[in-house]
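Participant: this is a predicted model, with the sequence first.
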Amino acid sequence: MLLTWLYVPGDRPDRFAKAVASGADAVILDLEDAVVAGRKAYARAAVAEFLAESHSVPVQVRVNELTGPDVDADLAAVAGAPGLAGLRLPKVESPETVGALAARIDAPLHPLIESAVGLEAAYPIATAHPAVASLGLGEADLRSDLGVVDDDGLLWARGRMVVAARAAGLPPPAMSVYANVADLDGLAASCAVGRRLGFLGRAAIHPRQLPVITESFRPGEREVARARELLVAVADAQTRDSGTAVLPDGRFADRAMVAAARRVVDLAAHYAT
């Protein structure tokens, strides 16, 4: 159960171990946008060296664009590495590219949707291959592609991602990075919006963002208490051969609500302070 993923440029090996020790639930070593063309080979070698052994948290790699010139070398460098926990696939626009890549490497795949074309194919991409482990939204590129100037213009796209992931049986998607590392209040407010839309967790680009993200998505005491109350009431109703229950505060509860309540309880237990 993960809430935070910390991106690290692949050409900054001095930061790799620090990222693993940062408190992030997972680390993403980036070979794509964070690395300029002239340093791709250096970054690739540094990432491969770091992944030669396993680490205390999962370490994923964001490879270069699947239709670009660098992805073959990226895959060759990390394939079979003991420390590789998965691949982030940027700018995915079709299920065929995911399926073709899955045939080349044995690793969990995390497609990123970053264009209108990709968004229209979100569900087929999510179900392209059993190796697909999550679906993510690359909001910076999507904003540019759509000409969107603020977060309101992304509401439909965000909702589409949540629905596609759920329909495919995948975990709730994590939010894209919040680019202003100094604006922690803005980060918290943005996380609150994402949580209401059905997102769970968020990628970060600086360790200072991690506690804010965790706190934003970790259930509060009242939410946990309500979830536990619902679970008890539904279980009691089932012993009485009833499919529904009415809680003391008037809430209606049935078996369809159990999965969400269990997730709240499990998440709170996992991130208990």
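Facilitator: Received, thanks. Everything numeric here is computed off the predicted structure, so don't read it as measured data. Numbering: from 1, shown residues only.

Participant: show me the domain layout of the protein.
Facilitator: Domains of the chain are assigned by the TED database as 4-217, 221-271.

Participant: residue ranges with poor pLDDT in the chain?
Facilitator: Residue ranges of the chain with pLDDT under 70: 243, 273.

Participant: can you check which helix is longest in it?
Facilitator: helix 221-239 (DSSP state H).

Participant: contacting residues around that one?
Facilitator: For helix 221-239, the external contacting residues (Cβ atoms under 8 Å, 6 or more residues apart in numbering) are 219, 243-248, 251, 253-255, 257-258, 260-262, 264-265, 268. In this view, the C-beta of every residue, glycine as well, is placed from N, C-alpha and C.

Participant: what about burial for those, which qualify?
Facilitator: 219, 245, 253, 257-258, 261, 264-265, 268 (16 or more other Cβ atoms under 10 Å).

Participant: among the residues you listed, which are in strands?
Facilitator: 245, 253 (DSSP state E).

Participant: show only the entries of the buried ones among the contacts of helix 221-239 found in helices.
Facilitator: 258, 261, 264-265, 268.

Participant: next, count neighbours for residue 272.
Facilitator: For residue 272, the count of nearby residues is 8 (other Cβ atoms under 10 Å).

Participant: what secondary structure does it sit in?
Facilitator: coil (DSSP: H, G, I helix; E, B strand; the rest coil).

Participant: what sits against it?
Facilitator: Residue 272 neighbours (Cβ under 8 Å, 6+ apart): none.

Participant: how near is it to residue 165?
Facilitator: Counting by Cβ to Cβ, to the nearest Å, the separation of residue 272 from residue 165 is 26 Å.

Participant: rewinding a little: which of the ones in helices among the buried ones among the contacts of helix 221-239 sits closest to residue 115?
Facilitator: Within these, distances to residue 115 taken as Cβ to Cβ reach their minimum at residue 264, with 33.5 Å.

Participant: backbone dihedrals for the residue lying closest to residue 153 once chain neighbours are set aside, both of them.
Facilitator: Excluding its sequence neighbours, the residue lying closest to residue 153 (Cβ to Cβ, 6 or more residues apart in numbering) is residue 146, at 6.7 Å. Residue 146 adopts backbone torsions of phi -90, psi -10, taken as degrees, to the nearest 10.

Participant: neighbours of residue 146, just the number please.
Facilitator: Neighbours around residue 146, by other Cβ under 10 Å: 15.

Participant: what of residue 119?
Facilitator: 20.

Participant: what segments of the stretch 51-200 of the chain are strands?
Facilitator: With DSSP state E, counting those that start in this stretch as the criterion, the stretch 51-200 of the chain has strands at 59-62, 84-89, 109-113, 136-137.

Participant: quick one, helices of the chain?
Facilitator: Assigned by DSSP H, the chain shows helices spanning 16-20, 40-50, 71-78, 95-102, 116-120, 122-126, 139-146, 155-167, 184-197, 210-217, 221-239, 258-270.

Participant: for residue 139, see how far away the closest residue to residue 217 other than its chain neighbours is.
Facilitator: The shortest distance from residue 217 to any non-neighbouring residue, by Cβ to Cβ, 6+ apart, is to residue 3 (5.1 Å). To residue 139, residue 3 is 18 Å away according to Cβ to Cβ.

Participant: thinking again about what came up before, gap between the residue nearest to residue 217 and residue 156?
Facilitator: Separation of residue 3 from residue 156 (Cβ to Cβ): 25 Å.
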